[in-house]
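**Q** 3D model of this:
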Amino acid sequence: MRLTLTATAAALSLCLAAPAGAVETTAAQLQADIDALLQKIDSSTHGFVKWEGADRMAVRQQGDAAVADIANARLLIDASDPKPTKVTFDHIELRRSPGPDNSISWSLVLPALAVVRDAKDQETKLVLKDGAAKGVVDAQTGQSREFVLGFASARVDDQKTGGWISFGPLLTSSKLAAEPGGGWTGPMDFELKGIEFFFTDGPVGGAIARIAYGARSAGPDFAALNRLRSRIEKIQQNENAPPADRLNAFLEILPELPGLFTQLKGETSIETMSVRAPTGEPLFAFDKASFGVSLTGLKEAAAALRITLQQDGLKLSPSVLEADKVPRRAVVDIGLEEVDTAVLLNLLEIAGKARVGGSEADQQRVQQQLIGAAAKLNPVLRIYDLAADTPAVGVDAKAEARGSPLSPKGYKADADITVRGFDALAAMLPRASLASFLPLLKELGTSATGAGGAPTVAFHLASAPPKWLTLNGQDISTWFTPDGRGAEGRKLRPADPPMTGNDVRAVQQALGAANVSAPQSGTYDAATAVAVARYQKQQGLNVDGVVDGEVRRRLGVKAETPPPSSPRPRAN
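**A** Got it, this is the predicted structure:
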């Protein structure tokens, strides 16, 4: 079914490509443009798609408009194959007429029935109700100004597999318009409702209430944008050029892009999706999922990029994941702020000089220049929200980082994390490294009461040289440093597997003698680390649950003498 659906979509998209020409529209001119378009289908697909003909193609003049009426139009997909896939459209009507401001208006009545027949004579049918498209193109350049496409409903049936999908209504539109002062705006919208499907590969069935996409773009120079569009179209039309040459031509355009846009924003959302087994058992469902991107400030001294993903109401079959572990809500909202646009432009200029197929020395030089320029960007990384909620556990985090750890000067990072249901984390992460040491983390956290009276544990993480990582003001860098074994003995700290030995047992015994409850197992487990942290609090020390030389001194525990090193053999 995938192949035939792809063929149907490809053929329909080719039918929507309206040729451009002079403002004056005549039947003869429209016929010539259609012939040119059909030849282009062959050349642009390198013979993969070919026009096979139609039962009727009548082009007539109707006032100032030219109208093409085509019945049973046929295309061949994979035309060089002895038994190519055939696509037939029952009826297409194309109308062109002069439009406002030196433009051409066109409209297209989409076929009510499209049939894809593969080499084994298996059929896939696409039935459309009230399908139509219309648009406005510039008469001189052929560039689109406006476009609208829609239909009331559609259904695809695959004879071979028995799979099907129905959807609609659909409405999509885009517009590129000049603004006072020479700028431009380019809104784009897409909305598809009522999707239902059944795929035999699973087999699975399901439904989606709504899929939507909305984008808003704008820029300061409409004429410059159109010039760039013309350059891109020429590159695309140069079908005989080697791929490397075409890619290099696109690279040359990169430095011009930031100056054309003041904003780029877009969001895709999917609402009320469910997937079911043939038995009706729910496998997967959610209320809403969305993905958004925003790029602003390209014409200012600093730009900002923001990416947001969110889902609500996720449900999974217990056979996929246990219900108490399913994130019923999740948010990832991150961004880069204060991106130096002058440095960004320099990066694009360097990238624009790169050449596919160039010498290795040239590629290395460009790579080094890119790395050097990127090091000057120095943006602010911000986590506006990073959250996940299951029935038992909820995590919410916000963070900010300035500079780079690779250049400690000016580097600083902070994060605030709140955890609901902290005690249930261990069951959620049974195989995670160091999960058994979560009690130590809780000991260092701040207990509070969250919304609805639920108990929470809060953490403030910070990183700023010389303290590379602190948790609620306590330096925990030692968790990530090598153990070592010197005159003060080895550091006892959280590890997977846990540290064991007589030195651990000696610390546990000393903690007991200091009236701090601790296991007496010889294993540096979570309970022992918590006991050490509580002792550190009593002594006014840095609280990290790690036994270093100062903790040993205060406990009165002598460090184990390291074994003597073997003498190195003398060279002859």
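**Q** how many neighbours does the nearest residue to residue 369 once chain neighbours are set aside have?
**A** Among residues not flanking residue 369 along the chain, residue 350 sits closest, at 4.8 Å (Cβ to Cβ, 6 or more residues apart in numbering). Backbone N, C-alpha and C define where each C-beta goes, glycine included. For residue 350, the count of nearby residues is 21 (other Cβ atoms under 10 Å).
**Q** tell me the SS of residue 350?
**A** Classification of residue 350 by DSSP: H, G, I helix; E, B strand; the rest coil places it in helix.
**Q** check contacts around residue 398.
**A** 383-386, 415-416 (Cβ atoms under 8 Å, 6 or more residues apart in numbering).
**Q** now swap in residue 420 and tell me
**A** Contact partners of residue 420, counting by Cβ under 8 Å, 6+ apart, are 389, 393-395, 450, 454-456.
**Q** Any quick PyMOL command for the buried ones out of the residues you listed?
**A** Here is the PyMOL command that picks out the buried ones among those, judged by 16 or more other Cβ atoms under 10 Å:
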select buried, resi 389+393+394+395+450+456
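**Q** tell me which residues of stretch 419-436 are tucked away?
**A** Under the neighbour-count criterion of 16+ other Cβ under 10 Å, stretch 419-436 has 419-422, 424-425, 436 buried.
**Q** Output the residues you listed as a markdown table; include the columns distance to residue 245, secondary structure and pLDDT.
**A** Conversion of the buried residues of stretch 419-436 to a markdown table gives the following (distance: Cβ to Cβ, whole Å; DSSP: H, G, I helix; E, B strand; the rest coil; pLDDT from 0 to 100):
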| residue | distance to residue 245 | secondary structure | pLDDT |
| --- | --- | --- | --- |
| 419 | 55 | strand | 96 |
| 420 | 57 | strand | 95 |
| 421 | 58 | coil | 93 |
| 422 | 59 | helix | 94 |
| 424 | 59 | helix | 91 |
| 425 | 55 | helix | 90 |
| 436 | 59 | helix | 88 |
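**Q** Go ahead and measure how far the helix ranked longest in the chain is from the middle of the chain.
**A** Assignment by DSSP state H gives helix 27-44 as the longest helix of the chain. Helix 27-44 has its C-alpha centroid displaced from the chain centroid by 38 Å (Cα atoms, centre = their mean, to the nearest Å).
**Q** same check, this time on stretch 143-152
**A** With Cα atoms, centre = their mean, you get 27 Å for stretch 143-152.
**Q** Show me which of the contacts of residue 398 are buried.
**A** 383, 386, 415.
**Q** buried residues in the strand or helix carrying the last one?
**A** Assessed by DSSP states H and E, residue 415 sits inside strand 407-420. Buried positions in strand 407-420, judged by neighbour count with 16+ other Cβ under 10 Å: 411, 413, 415, 417-420.
**Q** re earlier: and the longest helix of the chain, what does it pack onto?
**A** Packing partners of helix 27-44 (3 or more Cβ pairs under 8 Å, 6 or more residues apart in numbering; DSSP states H and E): strand 49-53, strand 56-62, strand 65-77, strand 85-99.
**Q** Strand 85-99 and the next helix or strand after the last one, what's the angle between them?
**A** The element immediately downstream of strand 85-99 (helix or strand, assigned by DSSP H and E) is strand 103-109. Per axes from the mean of the first three to the mean of the last three Cα atoms, to 10 degrees, the angle that strand 103-109 makes with strand 85-99 is 140 degrees.
**Q** and strand 103-109, what's its mean pLDDT?
**A** Averaging pLDDT along strand 103-109 yields 94.
**Q** Which of the helices and strands packed on helix 27-44 sits closest to residue 112?
**A** strand 85-99 (5.9 Å; Cβ to Cβ).
**Q** Format the contacts of residue 398 as TSV; extra columns: pLDDT and distance to residue 87.
**A** Compiled in TSV, the contacts of residue 398 are given as follows (pLDDT from 0 to 100; distance: Cβ to Cβ, whole Å):
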residue	pLDDT	distance to residue 87
383	98	49
384	98	47
385	97	47
386	97	47
415	97	55
416	97	57
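**Q** From the residues you listed, pick the one nearest residue 141.
**A** Distances from residue 141 to these, taken by Cβ to Cβ, are shortest for residue 384, at 41.2 Å.
**Q** Not counting sequence-adjacent ones, nearest residue to the closest one?
**A** residue 333 (4.2 Å).
**Q** The one you found bridge partners, please.
**A** Residue 333 has these beta-bridge partners by DSSP bridges: residue 308, residue 385.
**Q** so it makes contact with residue 308?
**A** Yes - using Cβ atoms under 8 Å, residue 333 is in contact with residue 308, at 4.6 Å.
**Q** Now do the domain split for the protein, please.
**A** For the chain, the structural domains run 1-139, 392-475, 481-562, going by automatic domain parsing.
**Q** Including distance to residue 164, could these go into JSON lines?
**A** Output for these, formatted as JSON lines (distance: least, Cβ to Cβ, whole Å):
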{"stretch": "domain 1-139", "distance to residue 164": "9"}
{"stretch": "domain 392-475", "distance to residue 164": "39"}
{"stretch": "domain 481-562", "distance to residue 164": "51"}
